[in-house]
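*Asks:* need coordinates for the following:
(one chain, ligands or ions: 2)
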Amino acid sequence: MATQPEVGVSDFVLLDNLTTETFIENLHLRFQHNKIYTYIGEVLVSVNPYKTLDIYGPQHMAQYRGREMFEVPPHVYAVADACQRVLRQQGRDTCVLISGESGAGKTEASKFIMKYIAANTTQVHREYIDRVKNVLIQSNTILETFGNAKTNRNDNSSRFGKYMDIHFDYKGDPVGGHISNYLLEKSRVVSLQPGERNFHSFYQLLSSNNPVLKKLGMSTNTAYKILGSERPTAHDSKLYSQTNSAFNALGFSNSVIEDIWNIVAGVILLGEVTFEGGEGGEEGGAVAAGAVAGAVRALGVAEAGLRAVLGRRVLAAGHDLVTKQHSLVDAHYTRLALAKAAYDRLFTWIVQQINKAIDVPAGTYKNTLIGVLDIYGFEIFETNSFEQFCINYCNEKLQQLFIELVLKQEQEEYAREGIQWTPVQYFNNRIICELIDAPHHGVIAIMDEACLNPTQITDQQLLEAMDKRLTGHRHYTSRQLAPTDKKLKHGVDFRITHYAGDVTYAITGFMDKNKDSLWQDLKRLLHSSSNASLAAMWPEGAADIQKTSRRPPSAASLFRSSLAALVAGLHSKEPFYVRCLKPNPLQAPSTWDPLLVQHQTAYLGLVENVRVRRAGFACRVRYDRFVQRYKMLSQYTWPNYRGHSPRDAAAVLLRDLRLDDVHYGHTKLFIRSAKTLQSLEAARAELIPSIVVLLQKLWRGAIARRRYKKMKAALTIFNAWKRYRYRRYISELQTELSRHRGVIRRWPPAPRGLDPALLVAAYRRWRAYLVLRAVPRERWAELRLKVCCGAALRGRRRHWGAARPWRGDYLAAPDYNEKAGAYRAQVASMQKAGQIDKPLFSCRIHKFNRYNKSSERCLLVTSNAIYKLDSNSFKPLKKPTYIKDVGAVRVMSSDVQLVVLCVPSAKNDLVAALEAPGDDLVGELLGVLASRYCMLSGGELCVEVESGASTRCTLGGRSRALQLPAHADPRAPAFTHAHNVITYHPPSARA
Ligand SMILES: Nc1ncnc2c1ncn2[C@@H]1O[C@H](COP(=O)(O)OP(=O)(O)OP(=O)(O)O)[C@@H](O)[C@H]1O
Ligand SMILES: [Mg+2]
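*Replies:* Ligands and ions are numbered 1, 2, ... in the order given. A predicted model of the protein is given here:
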């Protein structure tokens, strides 16, 4: 935002060559670019754009939150934020004084300020704070309905003064508020200038066919006198609904809302009452006619009562009551007084009710407050009456406050900081204020004196008295004092030269309006109303008619004292200013009337304001703020100054930049020329992008580091959890082991992420170790074979030689083979020739072949093949059978030494009976074969065990039955055959 292209200068203090022309030029240039806000230091100048600008949305609010005014483009939000910051940081009460003439945008500015304050709370969605925010904003709607009207200068002109205090708690959140209202222009109720409208409330009530209208028989289309030439519109109808929902939001009950609209209707209908007669009528007085019945119903009073108060007046003279008949003129006057008083009191009462709704509840801690003053602007009409006099006096007082505070602050600041300066000439309007409110000599004092005079003083006499007493005053004149001035009417007009221009006031009605008294009859009538709210508005109507009360203070002096109290209150607060300007008198967008703007600029003293502000220095800034803003411009101050004080840092920075047109105050630095400030700003703007990149980099780094730390923390937690689960698993295993004496029968379910295979393997190794440690190492190879054999047979054969030592190469043992020497020599020579591997098993066998021939052979099993050897020469017969080609080995479940080696790739199985005198060699052969088969092919050798007395084999491609003999035959050879059946005769059967 700070790098947005600048249009003109955003702070008039930075304007080179300051004159009224350059001031207005800059204002105009910015206005053309929709930059309606410009600063004079901390004073905001606002030009009414008369069109909706897209600069007030939530995203715009966000840009101003917590930012210094000079950091962001000028905006009314910046003023609101500065207010809240002072309040939050320093705990000081602040106020925003919004001034400008009628239609300059004061009310709009005040609404934006309230909107910003309501949005800028620390507590989001806290029910109470939300309600306060809502109520503060909704209260505006009601006040505008009843207190605003269309004038020739502003379609939504505030016809009353409003000062609103918003209370905050210690955190800076709004907790409630209070509204003070000042002098409603009640004469509008009964008299309108051409082209103007009455208060919005009348048109809103008449804009739609609502129950109140129906009940009273009123209609939207009727031309009620009070409305002047204007008629209700569709927009009024929309506003009527908004007003009612605002009433609801503020907690007004339905009956109270109805009461209020009834009173409004009553005032409209009072406007319709006419009179007949006058002198010589009924009892000699005027008689009310027209809409009396309607007014009676609307106001909830007795018809006779209303007729009575309009026709005559009852006075207490001592202990007697005297009745005085009204003339026609008096009757009209009374009717108008009643209508005005009823409406005026209604307005004040509504404000009181709003205050009840937004009041800080008892017991709530309220710390600080922001006051927002939005008062009717300075105005000059065709005919200016008492109301304009008060309104313009009020503006005069506020201008005085502005001059005093701004100049005083300025002067005090220079003195405080020990800086020398030359005072700037400006117009002080104190003299005009004194013309109006000085005790004894002021216009108000003269008016009050006239009112207190026991003899009836006319307006004209009042004017004469004023002329006499104020003659010679520079700011007062009349036709009497300036006979040549034809613009002033004799005996009617007087002119006051206000700070904002000459205003001619017509004295007519001044006396009456200043007295502002209402006859007791009328008060009693209204108090007697069946409309509960109306009755409550007029408590003094309950007083006895005989009771004499003190004359109330006059309207002007009441107004003066309430203004004095207001000004005193504002004095104690830190003020912020919004100076509103009208760009044209037509309420038209994008139209610039240079003369009008120049006029306002002149009377608001804006150029003087800039001059005072500059008074030799374009800028003053606290040392710490200065260093904070510009520290990047010097290597000695960036990123941080290592010295002692911000003042030293500022001095070092400026020396480094070779800038010397500055003065060092005690706490602030004063920069003399705007150029210096601009050059600082330009240098800063150049560096900002790289700083932004740096900040982004650091911030991204910080985010990444934070994320990394989080990840690490998560990992630590995860690891701890994992360890815990593993430990629990291990302890479960330990429990299982101890329960079953070192054996795990059931593996508990492993935690996720843990592969139990390792543990199982370790466990098995450990179990194996426990078993193996009892066996000598040299017997491990034999044990392995036995394990293989045991696994292959799996309890299917009882005898397999498990208990005896396995010798393997039996043919090499002389006790088994008497030709062991020859065998060993043959094997050695074959080994040497590379024909065979190391012998693992050998024995003698009886073999049966496909020719049904039984023969003796030797069987040799090496590490990968099975050889049939000649039984004498031990030479291999035919080619060997490779172990990995063996499809299955078939044996019997009894201790028969019969083995069928099935080789799927050959047509013939090896059908052999092992020669094992007194021993079982089948198990040993199976152990060797199973172990080698597993090593060579990775699979498990298929071992078929025949539980009966017969099995089968394949010889010559045919399946043959192989059986044991039913009866022992000692003479039988090892194998016999009959047809397809081969019978093996074990040696025991043969012996
Ligand atoms: N910032 C703004 N953006 C758009 N329109 C605006 C702005 N300020 C004022 N206006 C327009 O100008 C009109 C008059 O403004 P506003 O009622 O605030 O004047 P005022 O200074 O309060 O006058 P008065 O003294 O008569 O009450 C508004 O109704 C609105 O149409
Ligand atoms: Mg206003």
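*Asks:* next secondary structure after the one helix or strand Ser690 maps to?
*Replies:* Assessed by DSSP states H and E, Ser690 sits inside helix 674-739. Downstream of helix 674-739, the next assigned helix or strand under DSSP H and E is helix 756-772.
*Asks:* the next helix or strand after that following helix to helix 756-772, inter-axis angle?
*Replies:* For helix 756-772, the succeeding helix or strand toward the C-terminus, using DSSP H and E, is helix 780-793. Going by axes from the mean of the first three to the mean of the last three C-alpha atoms, to 10 degrees, helix 780-793 is angled at 120 degrees with respect to helix 756-772.
*Asks:* interface residues of the protein facing ligand 2?
*Replies:* Lys106, Thr107, Ser158 (C-beta under 5 Å from the ion). For the C-beta atoms, the positions are set from N, CA and C on the backbone; glycine is no exception.
*Asks:* quick check: helices, which of the residues you listed are part of them?
*Replies:* Lys106, Thr107 (DSSP state H).
*Asks:* returning to that earlier point: the inter-axis angle of the helix holding Ser690 versus helix 756-772?
*Replies:* Using the same axes, to 10 degrees: helix 674-739 against helix 756-772 is 30 degrees.
*Asks:* now do helix 674-739: which elements does it pack against?
*Replies:* When contacts are defined as 3 or more C-beta pairs under 8 Å, 6 or more residues apart in numbering; DSSP states H and E, helix 674-739 sits against helix 623-630.
*Asks:* which strands and helices sit next to the helix it packs on?
*Replies:* Right, helix 623-630 is packed against helix 646-656, strand 668-671, helix 674-739 by 3+ C-beta pairs under 8 Å, 6+ apart.
*Asks:* ok and the helix holding Ser690 relative to helix 646-656, angle-wise?
*Replies:* 120 degrees.
*Asks:* what about helix 674-739, distance to the chain center?
*Replies:* 25 Å (C-alpha atoms, centre = their mean, to the nearest Å).
*Asks:* same question for stretch 400-415.
*Replies:* 40 Å.
*Asks:* residues of that stretch that come out buried?
*Replies:* Gln400, Leu401, Phe402, Ile403, Leu405, Val406, Leu407, Glu410, Glu413, Tyr414 (16 or more other C-beta atoms under 10 Å).
*Asks:* go on, stretch 793-802?
*Replies:* Leu793, Arg797, Trp800, Gly801, Ala802.
*Asks:* out of these, which one sits closest to Leu737?
*Replies:* Ala802 (28.4 Å; C-beta to C-beta).
*Asks:* got the contact list for the closest one?
*Replies:* Contact analysis of Ala802 by C-beta atoms under 8 Å, 6 or more residues apart in numbering lists Lys786, Cys789, Gly790, Gly923.
*Asks:* can you tell me which residues contact the first one?
*Replies:* Shown here is Lys786, whose contacts under the criterion C-beta under 8 Å, 6+ apart are Ala802, Trp806, Gly923, Gly927.
*Asks:* I'd like these written out as JSON lines, with pLDDT, secondary structure and distance to Leu694 added.
*Replies:* Formatted as JSON lines, the contacts of Lys786 follow (pLDDT from 0 to 100; DSSP: H, G, I helix; E, B strand; the rest coil; distance: C-beta to C-beta, whole Å):
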{"residue": "Ala802", "pLDDT": "86", "secondary structure": "coil", "distance to Leu694": "84"}
{"residue": "Trp806", "pLDDT": "91", "secondary structure": "coil", "distance to Leu694": "84"}
{"residue": "Gly923", "pLDDT": "92", "secondary structure": "helix", "distance to Leu694": "85"}
{"residue": "Gly927", "pLDDT": "94", "secondary structure": "helix", "distance to Leu694": "80"}
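*Asks:* TSV for these, including distance to Val891?
*Replies:* Output for the contacts of Lys786, formatted as TSV (distance: C-beta to C-beta, whole Å):
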residue	distance to Val891
Ala802	15
Trp806	16
Gly923	9
Gly927	12
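*Asks:* out of the residues you listed, which comes closest to Glu144?
*Replies:* Scanning the contacts of Lys786 for proximity to Glu144, where the rule is C-beta to C-beta, the winner is Gly927, at 110.3 Å.
*Asks:* how close does the closest one get to Arg765?
*Replies:* 22 Å (C-beta to C-beta, to the nearest Å).
*Asks:* those two - which one has more neighbours?
*Replies:* Between Gly927 and Arg765, Gly927 has the larger neighbour count (other C-beta atoms under 10 Å), namely 29 against 11.
*Asks:* tell me the contacts of that one?
*Replies:* Leu785, Lys786, Cys788, Cys789, Ala792, Trp806.
*Asks:* next, the closest residue to ligand 2 within the stretch 751-900 of the chain: phi, psi?
*Replies:* Closest to ligand 2 within the stretch 751-900 of the chain is Arg752: 72.5 Å, counting by C-beta to the ion. Backbone torsions of Arg752, given as degrees, to the nearest 10, read phi -60, psi 140.
*Asks:* and Tyr476, by the same measure?
*Replies:* phi -130, psi 140.
*Asks:* and for the one 10 residues further on?
*Replies:* Per-residue torsions, Lys486: phi -70, psi -20 (degrees, to the nearest 10).
*Asks:* and it, how far is that from Arg479?
*Replies:* In terms of C-beta to C-beta, Lys486 sits 9 Å off from Arg479.
*Asks:* which parts of stretch 297-313 are buried?
*Replies:* In stretch 297-313, counting by 16+ other C-beta under 10 Å, buried: 297-301, 305-313.
*Asks:* returning to what we had before: so which of Lys486 and Arg479 has more stuff around it?
*Replies:* Arg479 (20 against 8).
*Asks:* so that one is in contact with Lys489, correct?
*Replies:* Yes - with contact defined as C-beta atoms under 8 Å, Arg479 reaches Lys489; the gap is 6.5 Å.
*Asks:* residue in the stretch 301-450 of the chain nearest to ligand 1?
*Replies:* Nearest to ligand 1 in the stretch 301-450 of the chain, going by C-beta to the nearest ligand atom, is Gly377, at a distance of 3.3 Å.
*Asks:* list the contacts for Val406?
*Replies:* So Val406 contacts Val43, Tyr577, Asn609, Val612 (C-beta under 8 Å, 6+ apart).
*Asks:* work out for me the element it sits within.
*Replies:* Assigned by DSSP H and E, Val406 belongs to helix 386-417.
*Asks:* avg pLDDT for that helix?
*Replies:* Mean pLDDT, helix 386-417: 82.
*Asks:* hmm, that helix in reach of ligand 1?
*Replies:* No - with C-beta under 6 Å from any ligand atom as the criterion, ligand 1 is not reached by helix 386-417; the gap is at least 8.4 Å.
*Asks:* ligand 1 contacts on the chain?
*Replies:* Going by C-beta under 6 Å from any ligand atom, the residues of the chain near ligand 1 are 48-53, 100, 102-108, 154-158, 376-377, 580.
*Asks:* what residue in the stretch 501-650 of the chain comes nearest to ligand 2?
*Replies:* Counting by C-beta to the ion, the stretch 501-650 of the chain gets nearest ligand 2 through Cys580, at 9.4 Å.
*Asks:* show me what contacts the spatially closest residue to His799 that is not a sequence neighbour?
*Replies:* Leaving out its chain neighbours, the residue that sits closest to His799 by C-beta to C-beta, 6 or more residues apart in numbering is Asp895, at 4.1 Å. Neighbour list for Asp895: Arg797, Arg798, His799, Asp920 [criterion: C-beta under 8 Å, 6+ apart].
*Asks:* okay, and Asp895 sits in which element?
*Replies:* Per DSSP H and E, there is no helix or strand for Asp895.
*Asks:* just the buried members of the residues of the chain next to ligand 1?
*Replies:* Counted by 16+ other C-beta under 10 Å, those give 48-50, 100, 102-108, 154, 157-158, 376-377, 580 as buried.
*Asks:* still on that earlier bit, could you dump the contacts of Gly927 into JSON lines and include distance to Lys340?
*Replies:* As requested, those are exported to JSON lines (distance: C-beta to C-beta, whole Å):
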{"residue": "Leu785", "distance to Lys340": "128"}
{"residue": "Lys786", "distance to Lys340": "127"}
{"residue": "Cys788", "distance to Lys340": "124"}
{"residue": "Cys789", "distance to Lys340": "127"}
{"residue": "Ala792", "distance to Lys340": "124"}
{"residue": "Trp806", "distance to Lys340": "134"}
